[in-house]
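In: Could you work out the structure for the sequence below:
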Amino acid sequence: MSMSKAKKARQKLAQQGRMTPDALRGSWQGINPAGRRTPTLQEKQTKLNKKHRRNHASYSDGSFCIYKRQPRRGEAA
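Out: A predicted model of the protein is given here:
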């Protein structure tokens, strides 16, 4: 059975005494880099409260809007 190009390249590196990719694949000595913890209730509430909050004072350009509703039928203007 034939060898893949990658396997041939790894064997060539090993014959030359150079570092092979499998030697670089070390263990994390028990450390889980993808470890997660569940957020506390306080963290969940803070995240929800701050989700879409914007500081509108920084966007102020001095303009304002006045809404004048149209009178309904039968109402005095």
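
In: which stretches of the chain have low pLDDT?
Out: By pLDDT under 70, the weakly predicted segments of the chain are 55-62, 76-77.

In: so where do the helices sit in it?
Out: 5-15, 21-24, 41-50 (DSSP state H).

In: Using CSV, please lay out those together with distance to residue 74 and mean neighbour count.
Out: Bear in mind the C-beta positions are built from the backbone N, C-alpha and C, glycine included. CSV is the format used below for the helices of the chain (distance: least, CB to CB, whole Å; neighbours: other CB atoms under 10 Å):
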stretch, distance to residue 74, mean neighbour count
helix 5-15, 84, 11
helix 21-24, 83, 9
helix 41-50, 44, 10
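
In: could you dump the ones you listed to CSV with distance to residue 31?
Out: Formatted as CSV, those follow (distance: least, CB to CB, whole Å):
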stretch, distance to residue 31
helix 5-15, 27
helix 21-24, 17
helix 41-50, 23
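
In: which stretch among those helices comes nearest residue 72?
Out: Smallest distance to residue 72 across the helices of the chain (CB to CB): 38.2 Å, for helix 41-50.

In: Can I get the closest one as PDB, trimmed to CA atoms?
Out: Output of helix 41-50 as PDB, limited to C-alpha atoms (Å, rounded to 0.1, in the frame of the first residue of the first chain):
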ATOM      1  CA  LEU A  41     -27.700  34.700  38.400                       C
ATOM      2  CA  GLN A  42     -26.100  38.100  38.900                       C
ATOM      3  CA  GLU A  43     -24.000  37.800  35.700                       C
ATOM      4  CA  LYS A  44     -27.100  36.700  33.700                       C
ATOM      5  CA  GLN A  45     -29.200  39.700  35.000                       C
ATOM      6  CA  THR A  46     -26.400  42.200  34.300                       C
ATOM      7  CA  LYS A  47     -26.000  40.900  30.800                       C
ATOM      8  CA  LEU A  48     -29.700  41.200  30.100                       C
ATOM      9  CA  ASN A  49     -29.900  44.700  31.600                       C
ATOM     10  CA  LYS A  50     -26.900  46.000  29.600                       C
END
